[in-house]
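Enquirer: whatever this is, show me its structure:
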Amino acid sequence: MTAPNCLVANDWICWDYVTSRSQELTDATVEHIWLTGVSVLIGIAVSVPLALLARRGRRWAAPVLGLTTLLYTIPSLAMFSLLLPVFGLSAALVVTGLVLYSLTILVRNVLAGLEAVPEEVREAARGMGYGPGRLLWQVELPLALPALLAGVRIATVSTVALTTVGSIVGKGGLGNLIAPAVNSSFKAQVLTASVLCVLLALVADLLLLGVQRLLTPWTRAGAGGRSVTRVTTSTATPASAATPASGATPASGATPASGAEPASASAPAKGA
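Expert: Next up is the predicted model:
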């Protein structure tokens, strides 16, 4: 008697589902990657000018940061419903909602990175003839890359998860498989699409981590330099502590009075 097919048995883990629906899974994954990538790229392009505006002073920082935070508090279903009259049932609706959600993370990280640039570095660049635009692109933004890329990593992982909500308008990538499968209790489809969504987030985070390490090598070199400095300082202390002992010559300087200086100086050599 043959074992029942896992699709018929409605098992959670079913390789037959993966092989028979491979094209459907591939299309959903590609759409998920496209929606996530476009949303994050547009979010970066919008967040940098907003962060520059917020850096001008508190009168700009408060409304910019307050507005981006307020947008993040809107539930995703409500957000897509509010955008529906403008964009209709299209991918632009989902992308716009995802961009608005990413601004909360990206604007704050870009602003934190720009504010972390030392003022003496800016002054040195100005002294070398750097104008505002050149100072921004060649000095400030490169030094702000660690914070900016950390924000991109968080925003990307968050966007991968939020993209699934786009299934309510038929543009949710893997969410288009998860939502109907939950309603119909199709276990294999729910689990497979969910696992693919998690794997996308992990792979995206690892890739961006690699890009971050590639573009910011000075962060690792700086950490190594600090550790070397600490080791050098700690090992130099005993040597410096030994110098006063060698500097005890004033005490030996009193020995000429006894006239036995040559004998006392040669005694250690003989003892050796």
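
Enquirer: tell me which residues of the helix or strand where His32 lies come out buried.
Expert: Of the helices and strands defined by DSSP states H and E, His32 is found in helix 22-54. The neighbour-count check on helix 22-54 (16 or more other Cβ atoms under 10 Å) flags 25, 28-29, 31-33, 35-36, 38-40, 42-44, 46-48, 50-52, 54 as buried. Placement of C-beta: from N, CA and C, glycine included.

Enquirer: average pLDDT across that helix?
Expert: Throughout helix 22-54, pLDDT has a mean value of 92.

Enquirer: specify the angle between whichever helix or strand comes after it and helix 22-54 in degrees.
Expert: Next in sequence after helix 22-54, counting helices and strands by DSSP H and E, comes helix 58-73. Going by axes from the mean of the first three to the mean of the last three Cα atoms, to 10 degrees, helix 58-73 is angled at 160 degrees with respect to helix 22-54.

Enquirer: quick one: name whatever helix or strand follows helix 58-73.
Expert: Per DSSP H and E, the first helix or strand lying C-terminal to helix 58-73 is helix 76-87.

Enquirer: just the buried residues of that following helix, please?
Expert: Of the residues in helix 76-87, those buried by neighbour count under the rule 16+ other Cβ under 10 Å are Ser76, Met79, Phe80, Leu83, Phe87.

Enquirer: measure the first one to Leu93 for me?
Expert: Between Ser76 and Leu93 the distance, using Cβ to Cβ, to the nearest Å, works out to 12 Å.

Enquirer: let me know the pLDDT of Ala241.
Expert: At Ala241 the predicted local confidence, pLDDT, stands at 39.

Enquirer: check Leu206 too.
Expert: At Leu206, the pLDDT value in this model is 94.

Enquirer: sec struct for it, please.
Expert: Counting by DSSP: H, G, I helix; E, B strand; the rest coil, the backbone at Leu206 sits in helix.

Enquirer: mind starting the numbering at 581 from now?
Expert: In the new count, where the first residue is 581, that last one comes out as Leu786.

Enquirer: distance of it relative to Leu776?
Expert: 16 Å.

Enquirer: of these two, who's got more company?
Expert: With neighbours defined as other Cβ atoms under 10 Å, Leu786 and Leu776 compare such that Leu776 has more, 20 against 11.

Enquirer: got the contact list for Thr772?
Expert: Applying Cβ atoms under 8 Å, 6 or more residues apart in numbering, one finds that Thr772 lies in contact with Cys594, Tyr597, Val598, Leu605, Leu757.

Enquirer: the helix or strand containing it vs helix 602-634, what angle?
Expert: Assigned by DSSP H and E, Thr772 belongs to helix 767-795. Taking the same axes, to 10 degrees, one finds that helix 767-795 is oriented at 40 degrees with respect to helix 602-634.

Enquirer: distance from helix 767-795 to the middle of the chain?
Expert: For helix 767-795, the separation from the chain centroid amounts to 14 Å (computed by Cα atoms, centre = their mean, to the nearest Å).

Enquirer: give me the pLDDT value at Lys751.
Expert: 84.

Enquirer: and for Leu771?
Expert: 91.

Enquirer: mind listing what's buried along the helix holding Thr772?
Expert: Of the residues in helix 767-795, those with enough neighbours to count as buried (16+ other Cβ under 10 Å) are 767-774, 776-777, 780-781, 784, 788, 792.

Enquirer: determine which two of those are furthest apart.
Expert: When these are compared pair by pair using Cβ to Cβ, the farthest-apart members prove to be Lys767 and Gln792, with a separation of 37.5 Å.

Enquirer: below-threshold pLDDT in the chain: ranges please.
Expert: Across the chain, residues meeting the criterion (pLDDT under 70) sit at 581-584, 801-852.

Enquirer: please redo it, this time with the cut-off set to 50
Expert: Screening the chain residue by residue with the criterion pLDDT under 50, one finds the ranges 581, 804-852.

Enquirer: grab the most central residue of it for me.
Expert: For the chain, the residue nearest the mean C-alpha position is Ala730 (1.9 Å; Cα atoms, centre = their mean).
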